[in-house]
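Asks: Have a look; sequence and predicted model below, questions after that.
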Amino acid sequence: MSTGMPASSGSLEHANVVLGAPEIGRALTRIAHEILERNKGGDGVVLLGIPTRGLPLARRLAQRLADVEPGLDPGALAGSLDVTMYRDDLAHQPTRTIGATDIPGGGLDGRVVVLVDDVLYSGRTIRAALDAISDLGRPRAVQLAALVDRGHRELPIRADYVGKNLPTSTTERVRVLLEETDGRDAVVIDGGTR
Amino acid sequence: MRHLLSASDLDVRDAVRILDTAGQMAATQAREIKKLPTLRGRTVVNLFFEDSTRTRISFETAAKRLSADVINFSAKGSSVSKGESLKDTALTLQAMGADAVVIRHQASGAPHTLAHAGWTSGAVVNAGDGTHQHPTQALLDAYTLRRHLVGDGGRADVSGQDLVGLRVAIVGDVLHSRVARSNVQLLHTLGAHVTLVSPPTLVPVGVEAWPARVSYHLDEVIADDKPDAVMMLRVQRERMSSAGGGFFPSPLEYTRGYGLDARRLAALPDHAIVLHPGPMNRGLEISADAADSPRAVIVEQVANGVAVRMAVLYLLLAGESPAPTTKVDA
């Protein structure tokens, strides 16, 4: 989740496009290679995307892993993990719609879970995700991949794989737009004074 | 959504949202660890003035699966049997900090009074009031119907879908049934066609205004309508004065005219399912053949009830608490 509000794909005239489709593609390819390198191959790796935009990113990463290592099945590599019911801010916002959790066959026990999200900000979504994972099984390790790390962490959480570090001010809004959900690939910043 | 008092309060969007949320809740109930931390620190009071086993247990399970604290209050053996009024009971619960009150009451309209009199600031969920409403039962029935009859028979993802075009026959004691009232409204909202089948003596006054067809002949409805689902209602003998209460000549005669037996079950379309809100009077409105057939989804309704009630509690309690000014309503 980049922000609490749903990103509208319109009105990009005043927005600052910081990553275009080619940059996003290259970042994902690099992250895919880093995941394989760090885990010495793709065996036992599960990519869990956090809805909404973590999910298509997880699917794209799974496809790239399978492209590099032809033995891997991209469909069995990616799943989704909804963290809504584990959030610590439910009482401060309008009621959120619960997304789907879909764990690939074989479960999480003993595997390496790579959480995939679009924007890493306060770290609270990831804390909720860690709680959700512990209710679903006991992975051997949990790693974190984020397309954009915009800083301003409120918890001791860091990403293992980052597409782009983006220093921002808290008044700015970072939005990740993806082909699957928004019709185009881009990372844009709006609001604030730059 | 602040309270859930009546199925007629829900529009299509609300109803589908509850059913979709229930679907996600049901998915969590297949896990090894079924408990979710979502409503930690919230208190849900089950306020039951009328006997109930499954509804109370279902609400209690739902609240506990979401980590809410549950306080069960039944009128028997409580201060109510000493003559305490609903108002004083409600004020006591308010003082104890109830975030939600699930109420079942023998008087139609008691949940409405509780919600709007300003006695409690918590959300009020109607778990059955008199012969008026039982909205969570209607929601779990709609959820069960959608799971089995929409999409390709329960395998596809049905989220976001309503019940447009489904034909549902609701059979039996409509007069005393809050389940029938709630279902007629909710199923109509979701686009299904409802036919009420009942002896003339058990059809309520004013039924012409309901969005449903009325028939006195079960066999005709099965043959002509080819319903996708039959919902059998319990004959509520406790609400009738004597055995049949003068509503029908004898139990046997009722069974002949309106009971679901093996013959009528066989006459239904192959895909049709059988629902019953429970508890069943076997041999009266439903025969053992029908109740135990693979097409009866009566046990599944109970499991779906927990998921639907989790969804209702989540949607009422999880979001930001409304400003305290909303309770100045009395």
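Replies: Alright, I've got the coordinates.
Asks: does A:Glu69 really touch A:Lys40, like I thought?
Replies: No. A:Glu69 lies out of contact with A:Lys40 (C-beta atoms under 8 Å); the separation is 11.1 Å. Placement of C-beta: from N, CA and C, glycine included.
Asks: quick one, which of these two is more surrounded?
Replies: Neighbours per residue (other C-beta atoms under 10 Å in any protein chain shown) separate A:Glu69 from A:Lys40, with A:Glu69 holding more: 14 against 8.
Asks: element containing B:Leu187, please.
Replies: If you go by DSSP states H and E, B:Leu187 is part of helix B:178-189.
Asks: who touches that helix?
Replies: Outside helix B:178-189, the residues within contact range by C-beta atoms under 8 Å, 6 or more residues apart in numbering or on different chains are B:6-8, B:10-12, B:15, B:108, B:128-135, B:137-139, B:141-142, B:145, B:163, B:166, B:168, B:170, B:174, B:194, B:196, B:210-212, B:231, B:233, B:277.
Asks: Filter the residues you listed down to the buried ones.
Replies: B:6-7, B:10, B:15, B:128-135, B:137-139, B:141-142, B:145, B:163, B:166, B:168, B:170, B:174, B:194, B:196, B:210, B:212, B:231, B:233, B:277 (16 or more other C-beta atoms under 10 Å in any protein chain shown).
Asks: and those, which of them are in strands?
Replies: B:128-129, B:168, B:170, B:194, B:196, B:231 (DSSP state E).
Asks: so which of these comes closest to A:Leu77?
Replies: B:Val168 (42.6 Å; C-beta to C-beta).
Asks: and the nearest residue to A:Leu120 once chain neighbours are set aside, how many neighbours does it have?
Replies: Nearest in space to A:Leu120, with sequence neighbours left out and distances taken as C-beta to C-beta, 6 or more residues apart in numbering or on different chains, is A:Ala146 at 3.8 Å. With neighbours defined by other C-beta under 10 Å, the count for A:Ala146 comes to 27.
Asks: Okay, and the beta partners of A:Ala146?
Replies: Taking DSSP bridges as the rule, A:Ala146 bridges to A:Asp117, A:Val162.
Asks: ok, it - contacts?
Replies: Counting by C-beta under 8 Å, 6+ apart, the residues that A:Ala146 touches are A:116-120, A:159, A:161-163.
Asks: Quick check on those: which are buried?
Replies: A:116-120, A:159, A:161-163.
Asks: Find the pair from these with maximum spatial separation.
Replies: A:Val119 and A:Tyr161 (13.8 Å).
Asks: Identify the residue of chain B closest to chain A, quick one.
Replies: B:Gly319 (3.3 Å; C-beta to the nearest C-beta).
Asks: I figured that residue hits A:Ala91, correct?
Replies: Yes. Counting by C-beta under 8 Å, B:Gly319 does reach A:Ala91; the two are 7.4 Å apart.
Asks: Sketch out the strands for chain A, chain order is fine.
Replies: Using DSSP E, strands in chain A cover A:16-19, A:45-49, A:78-80, A:112-120, A:141-149, A:161-165, A:173-177, A:186-190.
Asks: Can the second one be said to contact chain B?
Replies: No. Using C-beta under 8 Å from any C-beta of the partner chain, no contact is recorded between strand A:45-49 and chain B, whose separation bottoms out at 14.8 Å.
Asks: Quick one, grab the pLDDT at B:Ser78.
Replies: Listed pLDDT for B:Ser78 reads 73.
Asks: got the phi/psi numbers for it?
Replies: phi -110, psi -180 (degrees, to the nearest 10).
Asks: For it, give me its contacts.
Replies: B:Glu84.
Asks: again, 10 Å this time
Replies: Contacts for B:Ser78 were tallied using C-beta atoms under 10 Å, 6 or more residues apart in numbering or on different chains; they are B:47-49, B:84, B:89.
Asks: do A:Gly79 as well
Replies: A:46-49, A:55, A:58-59, A:62, A:100-105, A:108, A:113, A:116.
Asks: now B:Arg213
Replies: Counting by C-beta under 10 Å, 6+ apart, B:Arg213 has contacts B:167, B:169, B:193-197, B:207, B:221, B:225.
Asks: Include distance to A:Glu154 when you put the residues you listed into a markdown table, please.
Replies: As requested, the contacts of B:Arg213 are exported to a markdown table (distance: C-beta to C-beta, whole Å):
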| residue | distance to A:Glu154 |
| --- | --- |
| B:Arg167 | 54 |
| B:Ala169 | 56 |
| B:His193 | 53 |
| B:Val194 | 52 |
| B:Thr195 | 57 |
| B:Leu196 | 57 |
| B:Val197 | 60 |
| B:Val207 | 58 |
| B:Val221 | 61 |
| B:Asp225 | 59 |
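Asks: Which residue lies nearest the spatial centre of the chain?
Replies: Using chain A here. Taking C-alpha atoms, centre = their mean, the centroid of chain A lies closest to A:Asp117, which sits 1.1 Å from it.
Asks: Let me rephrase: I mean chain B.
Replies: Central residue of chain B (C-alpha atoms, centre = their mean): B:Gln137, at 1.3 Å.
Asks: Would you check how far apart that one and A:Leu177 are?
Replies: 43 Å (C-beta to C-beta, to the nearest Å).
Asks: again with A:Asp89
Replies: 24 Å.
Asks: More neighbours: these two, which one.
Replies: Higher neighbour count among A:Asp89 and A:Leu177: A:Leu177, with 24 against 13, using other C-beta under 10 Å.
Asks: Now that one: closest residue in space, sequence neighbours ignored.
Replies: A:Ala186 (4.7 Å).
Asks: How about B:Ser159?
Replies: B:Asp20 (4.5 Å).
Asks: Would you confirm that B:Leu140 contacts B:Asn304?
Replies: Yes. Counting by C-beta atoms under 10 Å, B:Leu140 touches B:Asn304, with 4.8 Å between them.
Asks: which residues are common contacts for the two?
Replies: With C-beta under 10 Å, 6+ apart as the test, B:Leu140 and B:Asn304 both reach B:19, B:22, B:58.
Asks: Near chain A, list only the ones from those.
Replies: Checking the shared contacts of B:Leu140 and B:Asn304 against chain A by C-beta under 10 Å from any C-beta of the partner chain, the ones in range are B:Ala22.
Asks: For the residue nearest to B:Thr43 when sequence neighbours are not counted, what are phi and psi?
Replies: Nearest residue to B:Thr43, sequence neighbours excluded (C-beta to C-beta, 6+ apart): B:Asp69, at 4.7 Å. Dihedral angles of B:Asp69 (phi, psi; degrees, to the nearest 10) stand at phi -80, psi 140.
Asks: Out of the strands of chain A, which is closest to B:Thr120?
Replies: Among these, strand A:78-80 sits nearest to B:Thr120 (C-beta to C-beta), with 38.5 Å.
Asks: ok now that closest one, how far from the chain's centre?
Replies: Chain-centre distance of strand A:78-80: 11 Å, with C-alpha atoms, centre = their mean, to the nearest Å.
Asks: correct me, but A:Val174 touches A:Asn165?
Replies: No. Using C-beta under 10 Å, A:Val174 is not in contact with A:Asn165; the gap is 11.8 Å.
Asks: quick one: which of those two has more around it?
Replies: A:Val174 (23 against 12).
Asks: Reformat the buried ones among the contacts of A:Ala146 as JSON lines; add pLDDT.
Replies: Converted to JSON lines, the buried ones among the contacts of A:Ala146 look like this (pLDDT from 0 to 100):
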{"residue": "A:Val116", "pLDDT": "98"}
{"residue": "A:Asp117", "pLDDT": "97"}
{"residue": "A:Asp118", "pLDDT": "96"}
{"residue": "A:Val119", "pLDDT": "97"}
{"residue": "A:Leu120", "pLDDT": "97"}
{"residue": "A:Ala159", "pLDDT": "97"}
{"residue": "A:Tyr161", "pLDDT": "98"}
{"residue": "A:Val162", "pLDDT": "97"}
{"residue": "A:Gly163", "pLDDT": "96"}
